[in-house]
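Undergrad: For reference, the sequence and a predicted model appear below.
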Amino acid sequence: MGEDLASANVNRTYSLAATSIAIFTFTMFFLYPRFTTGEADPRLFQATIVVMGLATFSFVFATLSFYCASVCRETGDGERAGYSRRGDRFWLLGYTLLFLAPTLILFTIGLRAVGSVWLALWLLYLVFVCLYFPRMQTAR
């Protein structure tokens, strides 16, 4: 992986981490009052917060891995590719969880029909990921 691509990946994952934090803040601002009054399902609310935390930290670890791939100069391409593969995996985990969060939010506030559509789309996304992601990773 070239330095330019690794550098661009750092910027992309950094932006996604910021987006994830913004969604987390939105969730806390609007759903926490419903949680405290008992209007929102407490288990789903807490699951949503955990998923958002995992997504955020996955993006942060992906950013760190891509950053390491962009700055390691003394090591060979093998180590750089290893950092990139690790970043690819963390990015995929974060992106997958970030896409799951709206589904959990919809179920938390009681919109079961809409949440079911989002869940079906998320499951379809998982099928595509299982089929195509192994071919898109950084080469060994």
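TA: Looks like it arrived, so ask away.
Undergrad: Tell me the helix or strand right after the one helix or strand Val50 maps to.
TA: Following DSSP states H and E, one finds Val50 within helix 42-71. Proceeding N to C from helix 42-71, the next assigned helix or strand is helix 77-108, under DSSP H and E.
Undergrad: May I see the buried residues of whichever helix or strand comes after that next one?
TA: Where DSSP H and E defines the elements, the next helix or strand beyond helix 77-108 is helix 112-136. Along helix 112-136, these residues count as buried under the neighbour rule (16 or more other CB atoms under 10 Å): 115, 118-119, 122. The way it works is simple: take the backbone N, C-alpha and C, and place the C-beta from them, glycine included.
Undergrad: need the contact list for the nearest residue to Met28 once chain neighbours are set aside.
TA: Here the nearest residue to Met28 in space, its sequence neighbours aside, is Ile49; by CB to CB, 6 or more residues apart in numbering that works out to 7.7 Å. Neighbour list for Ile49: 24, 27-28 [criterion: CB atoms under 8 Å, 6 or more residues apart in numbering].
Undergrad: Now render those as a markdown table, adding secondary structure and distance to Ser84.
TA: A markdown table is the format used below for the contacts of Ile49 (DSSP: H, G, I helix; E, B strand; the rest coil; distance: CB to CB, whole Å):
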| residue | secondary structure | distance to Ser84 |
| --- | --- | --- |
| Phe24 | helix | 27 |
| Thr27 | helix | 31 |
| Met28 | helix | 33 |
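Undergrad: so which of those residues is the most crowded?
TA: Ranked by neighbour count (other CB atoms under 10 Å), the contacts of Ile49 have Thr27 at the top, with 21 neighbours.
Undergrad: What's the per-residue pLDDT of that residue here?
TA: Thr27 carries a pLDDT score of 82 in this model.
Undergrad: Kindly report the same for Ala18.
TA: The predicted local confidence for Ala18 is 81.
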